[in-house]
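S.K.: here's my sequence, what's the structure:
(one chain, ligands or ions: 1)
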Amino acid sequence: MNPSGTGASAALFERARAVTPGGVNSPVRAFDAVGGTPRFIRSAQGAWLTDVDGNEYVDLICSWGPMLLGHAHPGVQAEVAAAVARGTSYGTPTEPEVALAEEIVARTPVDRVRFVSSGTEATMSAIRLARGFTGRDVVVKFAGCYHGHVDSLLAQAGSGLATLSVPGTPGVPDSSTALTLVLPYNDREAVAAAFAEHGPRIACLVTEAAPGNMGVVPPEPGFNRFLSETCARHGALFVSDEVMTGFRATRLGHWGLDGAVEGWRPDLMTFGKVMGGGFPAAAFGGRADVMAYLAPEGPVYQAGTLSGNPVATTAGLATLRRATDEVYTQLAATAEVLRTATGEALTAAGVPHVVQSAGTMFSVFWGPSGATPGRVRDFADASTQHVAAYAAFFHAMLDRGVHLPPSAYETWFVSAAHDDRAVQTVLDALPAAARAAASAEGTP
Ligand code: PLP
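M.R.: The predicted model follows:
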């Protein structure tokens, strides 16, 4: 219950705003959508964050996905400390990057990988490779899917089917998004129509394997397989973005619940978050013949000073080797308890909502959903949310020691360190927070 107030966070926020736009180094960290001052975190341990005022919070952000094992895991920390002691970057090949690549190849349907430093770089590079490999230029994506701040992927949905889109942000020229087709998610007809019209020009279709950036909107059964088969029929590559889902939603480094292991696989995949163990590391990988197109073997150029950094790849490997079946079983159980309790608390308070999940990832949509009652199927559905209800809920949870993502459009993440005390803290906070949401202005 905010024992020490928020004075130090507020003071830091003032300093931060003077030297950094919005006072944050990534817009998702701002509290613009919920109001108030971001908490500046001084340290974290297990499931808990401690802010600069000494307040403790159960962390339901988990660094937006990476902290699968919880914060400051002793085993991971020991391996990282040993790596740091050996020097932090050499600009030469190293053993940890080979070992991490082998681990990823063993756990996912990719033949080879290339490391980069962020998910953005991974998707940007995968698209360049897809274009280079196919000799085509058009990229298909879905509204509401986020693939990092790659110019060509910051495209909003135009109205209607397969509209060639306009940029989603100033600074991205029309020419960067003119070759991006934005379609409604989970809509097979839209996909079929786009390929029928533009098929010979489509280099790739990129999708989140189970979208978590408009809240969690899982693919309808067989949707990813349909995408893969459609791409194959038209000679386009299927790029499955698993930056969020990889090693997070399930033990597999990919969204295995949609048949990915049985009979089909993406041509290219992107990874990030968990595989970096809390450090800036990401990767893209895929079919051997496609990856062979990458420099220095092939003609498509891609590079990075810190790519495959030995500390980051050591952290990633230390995390993945500890990400056992037991860890995912526990994560799934924790996620189930929290999403069920959240749904029950909101129902008891009379707050219209939909809870959706993909493996261990879940989120809440605030309000009745769109076209299909009780189900959020695409970005149009997700956009009907009553965000004021979430703002009230968010602050009531924060006041009771639970730090949720400061936006209604984000996934809630748990870690293997979310023990009974952490879970109980969330459960205790829910009824009052649900009542706060119910009395938010404009709640239906
Ligand atoms: N792809 C997906 C599915 C993501 O969720 C994200 C980030 O949230 C990215 C790509 C971009 O990753 P990064 O923020 O590391 O650039």
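
S.K.: for the rest of this, base every contact and every neighbour count on C-alpha atoms.
M.R.: Noted.

S.K.: could you pull out the strands in the stretch 301-444 of the chain for me?
M.R.: Ranges of strands within the stretch 301-444 of the chain are 353-358, 361-366, 402-403, based on DSSP state E, counting those that start in this stretch.

S.K.: show me what the last one is packed against.
M.R.: With contacts taken as 3 or more CA pairs under 8 Å, 6 or more residues apart in numbering; DSSP states H and E, strand 402-403 sits against strand 56-59, helix 420-438.

S.K.: kindly recompute the last result at 6 Å.
M.R.: Judged by 3 or more CA pairs under 6 Å, 6 or more residues apart in numbering; DSSP states H and E, the packing partners of strand 402-403 are strand 56-59.

S.K.: ok, the strand it packs on: who's next to it in the sheet?
M.R.: Strand 56-59 has its sheet partners listed here by DSSP bridges as strand 48-51 (antiparallel), strand 402-403 (parallel).

S.K.: which one of the ones you listed lies closest to the ligand?
M.R.: strand 402-403 (17.8 Å; CA to the nearest ligand atom).

S.K.: adding mean neighbour count as columns, could you present the strands of the stretch 301-444 of the chain in JSON lines?
M.R.: Output for the strands of the stretch 301-444 of the chain, formatted as JSON lines (neighbours: other CA atoms under 10 Å):
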{"stretch": "strand 353-358", "mean neighbour count": "20"}
{"stretch": "strand 361-366", "mean neighbour count": "25"}
{"stretch": "strand 402-403", "mean neighbour count": "26"}
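
S.K.: write out the residues of the stretch 151-300 of the chain neighbouring the ligand.
M.R.: Counting by CA under 6 Å from any ligand atom, the stretch 151-300 of the chain comes close to the ligand at 208, 241-244.

S.K.: redo that, cut-off 8 Å
M.R.: Within the stretch 151-300 of the chain, the positions near the ligand by CA under 8 Å from any ligand atom are 208-209, 211-213, 241-245, 270-273, 280-282.

S.K.: among those residues, which ones are in strands?
M.R.: 208, 241-242, 270-271, 282 (DSSP state E).

S.K.: tell me which two in these are the farthest apart.
M.R.: 208 and 282 (15.1 Å; CA to CA).

S.K.: tell me the buried residues in stretch 380-399?
M.R.: Residues of stretch 380-399 classed as buried: 380-383, 385-399 (neighbour count, 16 or more other CA atoms under 10 Å).

S.K.: repeat for stretch 145-153
M.R.: Residues of stretch 145-153 classed as buried by neighbour count (16+ other CA under 10 Å): 145-148, 150-153.

S.K.: residues in contact with the longest helix that the chain contains?
M.R.: Across the chain, the longest stretch assigned as helix under DSSP state H is helix 325-348. Contacts of helix 325-348 with the rest of the structure, by CA atoms under 6 Å, 6 or more residues apart in numbering, involve 360, 416, 431, 434.

S.K.: 7 Å - rerun?
M.R.: With CA atoms under 7 Å, 6 or more residues apart in numbering as the test, helix 325-348 has contacts from 250-251, 355, 359-360, 414-416, 427, 430-431, 434.

S.K.: likewise for stretch 386-393?
M.R.: 34, 366-367, 408, 433-434, 436-438, 440-441, 443.

S.K.: including distance to the ligand and pLDDT, could those go into JSON lines?
M.R.: Putting those into JSON lines (distance: CA to the nearest ligand atom, whole Å; pLDDT from 0 to 100) gives the following:
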{"residue": "34", "distance to the ligand": "19", "pLDDT": "92"}
{"residue": "366", "distance to the ligand": "21", "pLDDT": "91"}
{"residue": "367", "distance to the ligand": "24", "pLDDT": "85"}
{"residue": "408", "distance to the ligand": "15", "pLDDT": "91"}
{"residue": "433", "distance to the ligand": "26", "pLDDT": "98"}
{"residue": "434", "distance to the ligand": "27", "pLDDT": "97"}
{"residue": "436", "distance to the ligand": "29", "pLDDT": "97"}
{"residue": "437", "distance to the ligand": "26", "pLDDT": "96"}
{"residue": "438", "distance to the ligand": "30", "pLDDT": "95"}
{"residue": "440", "distance to the ligand": "29", "pLDDT": "89"}
{"residue": "441", "distance to the ligand": "30", "pLDDT": "70"}
{"residue": "443", "distance to the ligand": "29", "pLDDT": "59"}
